[in-house]
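**Q** got a predicted structure here, sequence first:
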Amino acid sequence: MSLTLNHFSIRTTDLEATREFYEGVLGLTVGPRPDFPFPGLWMYRGDHADTANAVVHVIGIDPDDPEGLKKYLGDRDPSSLTGSGAVDHVAFFATGLSPMLAKLGRLGIALRERTVPALGLHQVFLDDPNGVVIELNYPASEKADPGA
């Protein structure tokens, strides 16, 4: 069996803040999404013509009309929608460490960093507006070479 990750979904009460984070921080773009019976966004990492590029599915909760979401994906207590739950974090491979660190600084986004020499990675951890932990994995050489 062959297995690759298709996407991850975030259920949120703040669709706009979540869009702004994934767009402004990670550079994802809003693209086509099926007409589901609840609000939401699909955030793409490339060409919108290929739905395999929709790596983040944002599921909005409409407090005035939650039935479409409840029927389609089931009910969840909105108070449980913070943090990563049982999922500790979601990771992306990335390049451009220096520009990203500068961007995070400008945006005032708190981060945690560490280098894992055995893997050749420099990791940056940050939280999205919903408390989901995002890990960005850069080549360790980018930490050693600030111009990379």
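**A** Sure, I can see it.
**Q** stretch 106-124: how far from the chain's middle?
**A** Distance of stretch 106-124 from its chain centroid, counting by Cα atoms, centre = their mean, to the nearest Å, is 16 Å.
**Q** just stretch 27-45 next, same as before
**A** Taking Cα atoms, centre = their mean, the mean C-alpha location of stretch 27-45 is offset from the chain mean by 13 Å.
**Q** list the contacts of that stretch.
**A** Residues from elsewhere that reach stretch 27-45 (Cβ atoms under 8 Å, 6 or more residues apart in numbering): 15, 18-19, 22-23, 48, 51, 53-62, 66-69, 71-73. Glycine gets a C-beta too; all of them are placed from N, C-alpha and C.
**Q** export stretch 55-63 as PDB, just CAs?
**A** Taking C-alpha atoms only, stretch 55-63 is exported to PDB below (Å, rounded to 0.1, in the frame of the first residue of the first chain):
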ATOM      1  CA  VAL A  55      -3.200  21.000   2.000                       C
ATOM      2  CA  VAL A  56      -5.300  22.800   4.700                       C
ATOM      3  CA  HIS A  57      -9.000  22.600   4.800                       C
ATOM      4  CA  VAL A  58     -10.500  25.200   7.200                       C
ATOM      5  CA  ILE A  59     -13.900  24.300   8.500                       C
ATOM      6  CA  GLY A  60     -16.000  27.200   9.700                       C
ATOM      7  CA  ILE A  61     -18.700  27.000  12.300                       C
ATOM      8  CA  ASP A  62     -21.700  29.100  11.700                       C
ATOM      9  CA  PRO A  63     -23.300  29.600  15.100                       C
END
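**Q** flag every buried residue along the lowest-mean-pLDDT helix or strand in the chain.
**A** Using mean pLDDT, DSSP states H and E, the weakest-scoring helix or strand in the chain turns out to be helix 67-73, at a mean of 81. When burial is assessed from 16 or more other Cβ atoms under 10 Å, helix 67-73 yields the following buried residues: Leu69.
**Q** and that helix, what does it pack onto?
**A** The helices and strands touching helix 67-73, judged by 3 or more Cβ pairs under 8 Å, 6 or more residues apart in numbering; DSSP states H and E, number zero.
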